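>>> Generate a structure from the sequence data that follows.
(one chain, ligands or ions: 1)
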Amino acid sequence: MANSKRFYITTPIYYPSADLHIGHTYCTVATDVMARYKRQRGFDVMFLTGVDEHGLKIETAAAKEGLEPKEFLDRIVAGILDMWKLMNISYDRFIRTTDDYHVKAVQKIFRELYERGAIYKGKYVGKYCVPCESFWTETQLENGKCPDCGRDVQDAEEEAYFFKQSEYGERILELYERQQDFLTPKSRINEMVNNFIKPGLEDICVSRTSFKWGIPVDFDAGHVVYVWVDALFNYMTALGYMNDAHNDLEHYWPADVHFVGKEIVRFHSILWPAMLMALELPLPKQVYGHGWLTIDGQKIGKSLGNAVDPYVFAERYSVDALRYFLMREFAFGQDGDFTWERMLTRINSDLANNLGNLVARTLAMQDKYGIASDADKTAPEFRTLMSETCAEFDAQMEKFAFQSALQAVFGALDRTNKYVDETTPWTLAKDESKRGELETVINTLRFAIEIAAYLLTPFMPDTAAQIQAQLNGAERAALFPRIDVKKELEYLTQNG
Ligand code: MSP
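Residues are numbered from 1 along each chain as shown. Presented below is the predicted three-dimensional model:
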């Protein structure tokens with residue numbers, strides 16, 4: 001079934017972490033919004049997410065808890081799945097890099113790259129901690145000492161496989177030229193070109209012998225595949241590349257877009273296309289490098305993460321409020337600084353005062369004045385306004401400019417609220433001869449709300465459904481209660 005309206009979108013696969021924070025939810029929510037948007041427009045969507053489970057860090061973390069890596073991981077992965085459930089993430093497929101089909105596929109890929117001469121065996125020079133039997137790179141050392149035990153390290157060499165990344169500089173530059181959208185926003189291209197490609201790409205070490213928790217190279221015992229080679233290919237193995245567990249590679253590949261945080265853009269826009277070129281495979285259409293959520297300018301990560309727990313947030317203000325805030329407050333391509341005040345103000349002004357209030361007063365007036373719904377009775381001005389809003393919304397969504405897309409919708413809602421104040425339906429209601437006008441006003445309001453709810457569906461699926469239900473006669477309930485910002489901030493500082 002060839003469907004030209006296919007849309008394949010991915011998030012990065014996450015390092016299993018017990019402390020998921022709102023920084024982690026950011027990219028996944030954005031991907032979910034895009035996936036829902038495309039489905040709503042009739043696309044056949046594949047939305048892939050998952051977890052990236054190999055590497056020394058996991059081996060060490062599991063050992064610390066006295067667990068086997070897989071045991072340790074199963075527990076954490078359950079937590080991640082729970083988080084995506086909370087956040088209403090509508091992924092179509094979830095990959096674990098420990099899935100058997102992925103492991104076997106990566107072994108085949110590694111062998112294929114080797115047989116094509118894109119991978120060769122060489123020597124990796126670094127530092128060795130004798131008591132720990134651990135091999136470290138210069139950058140992994142802490143104050144020049146072993147990061148595990150703090151003892152002195154010595155120069156050492158390790159046999160390792162290398163990927164000939166150095167051969168791909170020209171072709172990657174050509175790719176950026178030819179496929180203008182390959183890497184967006186545009187600023188990311190300059191970063192890649194100036195920091196990595198112009199200075200000269202180096203061959204990259206793609207196997208390790210110093211730890212075990214990875215995919216074994218099946219033709220050379222003791223070597224495990226470098227995590228980034230293992231991880232990047234998830235985007236294809238999850239569709240069936242080099243395995244029979246799935247069957248839709250032809251259908252969905254190449255990906256329409258990989259959403260990734262800015263710190264991992266280089267793996268996605270240099271190493272990834274280079275490996276695909278080596279295998280003569282089609283390249284993804286686009287890599288979008290989004291910004292970070294920060295607190296006081298610092299990336300939200302493990303230590304800062306606890307400050308904003310998505311579960312607490314969702315319970316106090318609803319999941320949709322969180323989804324909306326993330327997409328509306330920050331420009332997707334740039335960093336954005338989180339504060340509780342920004343968040344509370346945003347929820348209040350947009351969701352409680354603008355959207356919530358409009359829906360509540362419209363339905364209250366409709367009920368009170370006994371107005372029948374009639375889609376034909378809408379003011380022409382609003383037909384134009386809403387069709388312009390839809391066009392603007394779509395144009396922004398196609399650019400992943402979520403903030404601007406939402407601004408378009410809320411601009412229209414603002415205009416609609418003003419229309420209520422201008423037409424003063426409560427005055428019209430007093431005069432029987434103005435009944436026709438009153439019917440037009442109420443139906444125009446309903447019309448604007450209905451279109452807005454449709455557009456907001458990918459961002460706030462529950463809220464949009466609730467609005468639609470209320471328009472259809474369901475019991476009235478406030479969508480977003482007004483928050484007393486001062487009191488709430490006091491509460492948060494005492495309990496946060
Ligand atoms: N496992 C790799 C990705 C491999 S993809 C083939 C990885 N995992 S991660 O868990 O560290 O990060 C997953 C995603 O979360 C990244 O895109 C990262 O940028 C994003 N974020 C983590 N903290 C973030 C913020 N504070 N703000 C926005 N996104 C952040 O990297």
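>>> Only C-alpha atoms from now on, for both contacts and neighbour counts.
Noted.
>>> Spell out which parts of the stretch 101-250 of the chain neighbour the ligand.
With Cα under 6 Å from any ligand atom as the criterion, the stretch 101-250 of the chain meets the ligand at residues 231-232.
>>> all strands for the stretch 101-250 of the chain, in order.
For the stretch 101-250 of the chain, the strands defined by DSSP state E, counting those that start in this stretch occupy 119-129, 134-136, 154-163, 183-184, 204-205, 207-208, 224-225.
>>> Run me through the strand neighbours of the longest one, direction for each.
Meaning strand 119-129. Using DSSP bridges, strand 119-129 pairs in its sheet with strand 134-136 (antiparallel), strand 154-163 (antiparallel).
>>> The fourth one too?
Note on strand 183-184: by DSSP bridges, its sheet partners are strand 287-290 (parallel).
>>> roughly how far out does the next helix or strand after the partner strand sit from the chain middle?
Proceeding N to C from strand 287-290, the next assigned helix or strand is strand 293-295, under DSSP states H and E. How far strand 293-295 lies from its chain's middle: 15 Å, per Cα atoms, centre = their mean, to the nearest Å.
>>> residues in contact with strand 293-295?
23, 26, 299-300, 304, 335-339 (Cα atoms under 8 Å, 6 or more residues apart in numbering).
>>> Can you tell me which of the residues you listed is nearest residue 407?
Closest approach to residue 407 among the contacts of strand 293-295 (Cα to Cα): residue 336, at 16.7 Å.
>>> What residues does residue 193 make contact with?
Residue 193 makes contact with residue 173, according to Cα under 8 Å, 6+ apart.
>>> Can you give me the distance of it to residue 184?
Residue 193 sits 13 Å away from residue 184, going by Cα to Cα, to the nearest Å.
>>> Buried residues in stretch 128-142, which are they?
Using 16 or more other Cα atoms under 10 Å as the test for burial, stretch 128-142 gives 128-129, 134-136, 141.
>>> Switch these over to CSV; also include pLDDT.
Formatted as CSV, these follow (pLDDT from 0 to 100):
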residue, pLDDT
128, 84
129, 82
134, 73
135, 74
136, 81
141, 90
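>>> from memory residue 346 sits against residue 324, does it?
No - if you go by Cα atoms under 8 Å, residue 346 and residue 324 don't touch, sitting 9.2 Å apart.
>>> low-confidence ranges in this structure?
Counting by pLDDT under 70, the chain has low-confidence residues at 1-3, 302-307, 496.
>>> Can you give me the domain assignment for it?
Under the assignment automatic domain parsing, the domains of the chain span 6-302, 348-495.
>>> I'd like these as TSV, with distance to residue 328 appended.
What follows is the domains of the chain, written out as TSV (distance: least, Cα to Cα, whole Å):
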stretch	distance to residue 328
domain 6-302	11
domain 348-495	5
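>>> And what about the nearest residue to residue 17 once chain neighbours are set aside, helix, strand or coil?
The shortest distance from residue 17 to any residue other than its chain neighbours is 6.5 Å, reached at residue 76 (Cα to Cα, 6 or more residues apart in numbering). Following DSSP: H, G, I helix; E, B strand; the rest coil, the label given to residue 76 is helix.
>>> burial measure for residue 76, as a count.
Residues lying near residue 76 (other Cα atoms under 10 Å) number 19.
>>> Residues touching stretch 133-153, excluding its own?
Contacts to stretch 133-153, defined as Cα under 8 Å, 6+ apart, come from residues 125-130, 132, 156, 158, 210-211.
>>> and which of the residues you listed is nearest to the ligand?
Nearest to the ligand among the contacts of stretch 133-153, counting by Cα to the nearest ligand atom, is residue 211 at 17.9 Å.
>>> Now for that closest one: which residues touch it?
Residue 211 sits next to 55-56, 134, 224 when contact means Cα under 8 Å, 6+ apart.
>>> swap the cut-off to 7 Å and go again
residue 56 (Cα atoms under 7 Å, 6 or more residues apart in numbering).
>>> Equivalent analysis for the one 5 residues further on, please.
For residue 216, the residues meeting the contact criterion (Cα under 7 Å, 6+ apart) are 223-225.
>>> Can you spell out which helices and strands pack onto the one helix or strand residue 57 maps to?
Using DSSP H and E, residue 57 maps to helix 56-64. Other elements packing on helix 56-64 under the criterion 3 or more Cα pairs under 7 Å, 6 or more residues apart in numbering; DSSP states H and E are helix 69-86.
>>> mind listing what's buried in the helix it packs on?
For helix 69-86, the neighbour count (16+ other Cα under 10 Å) marks 69-70, 72-73, 76-77, 79-80, 83 as buried.
>>> between those, which is closest to the ligand?
Among these, residue 80 lies closest to the ligand (Cα to the nearest ligand atom), at 10.7 Å.
>>> neighbours around the nearest residue to residue 109 once chain neighbours are set aside, how many?
Of all residues not flanking residue 109 in the chain, residue 242 sits nearest, at 7.4 Å (Cα to Cα, 6+ apart). Per other Cα under 10 Å, the neighbour tally for residue 242 reads 19.
>>> Is residue 242 in contact with residue 104, as I believe?
No - using Cα atoms under 7 Å, residue 242 is not in contact with residue 104, being 8.1 Å away.
>>> For residue 97, list the residues it contacts.
Residues near residue 97 by Cα under 7 Å, 6+ apart: 51-53, 103, 231.
>>> Out of those, give me the one that has the most neighbours.
When neighbours are taken as other Cα under 10 Å, the top entry among the contacts of residue 97 is residue 53 (26 neighbours).
>>> my read is that residue is in a strand, agree?
No - judged by three-state DSSP, residue 53 forms no part of a strand; its state is coil.
>>> Excluding chain neighbours, give the residue nearest to it in space.
Nearest residue to residue 53, sequence neighbours excluded (Cα to Cα, 6+ apart): residue 97, at 5.8 Å.
>>> same deal with residue 43?
Closest residue to residue 43 apart from its sequence neighbours, by Cα to Cα, 6+ apart: residue 5 at 4.9 Å.
>>> What about that neighbour, how many residues nearby?
So residue 5, with other Cα under 10 Å, has 12 neighbours.
>>> Which of the three states applies to residue 258?
With three-state DSSP as the basis, residue 258 sits in strand.
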